[in-house]
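Undergrad: What shape does this take:
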Amino acid sequence: MSDPNGGRGLDHLIEQNATELAFLDAYGARDEAPELVLEEIARRLRRLDARVSEREVRACGLHVVAKSDGCHLTWASARLPLVPSDLEQPGMREGRLNKERNNANVVVVGWTHEVRRFFDRAVEHEGSGSA
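TA: Predicted coordinates:
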């Protein structure tokens, strides 16, 4: 959107630089409102025909519940495409991947670049039929 003086405006500047500033997440992602994070998660998981309610999203083997301390994710699927460090990214807390790599749990507290990439990978994995 342009401003009246011919510039493109602050929204455009932020959008343009969002990917260039992702490195700032490494310095500690701030916690965001769980409801807002859940909205973003639901948007990503809609490609998997997600069932969405006010505080919960379900799609394939993914189950996300918004609670006061963040969005609690459980992902159960045959051979998840994860390693433990995938659940220890900025915007995530308390990540656990079981030894068999068929069950993961994490609390998502911010919508960071790493969290977006995590959900994109989940959609790719579940949508490819490799679950």
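Undergrad: which SSE is the one residue sitting closest to the centre of the chain in?
TA: Centroid-nearest residue in the chain: V115, 3.8 Å away (criterion: Cα atoms, centre = their mean). For V115, the element it lies in under DSSP states H and E is helix 113-127.
Undergrad: now do A42
TA: Secondary structure assignment for A42, by DSSP H and E: helix 34-45.
Undergrad: Return the distance of the helix or strand just after that helix from the chain's centre.
TA: Per DSSP H and E, the first helix or strand lying C-terminal to helix 34-45 is strand 51-52. Remark: strand 51-52 is offset 16 Å from the chain centroid, using Cα atoms, centre = their mean, to the nearest Å.
Undergrad: Tell me what the residue nearest to P84 when sequence neighbours are not counted is bridged to.
TA: Spatially, and ignoring its direct neighbours in sequence, P84 is nearest to L97 (5.0 Å; Cβ to Cβ, 6 or more residues apart in numbering). (Each C-beta comes from the backbone N, C-alpha and C, glycine too.) Using DSSP bridges, the bridge partners assigned to L97 are A104.
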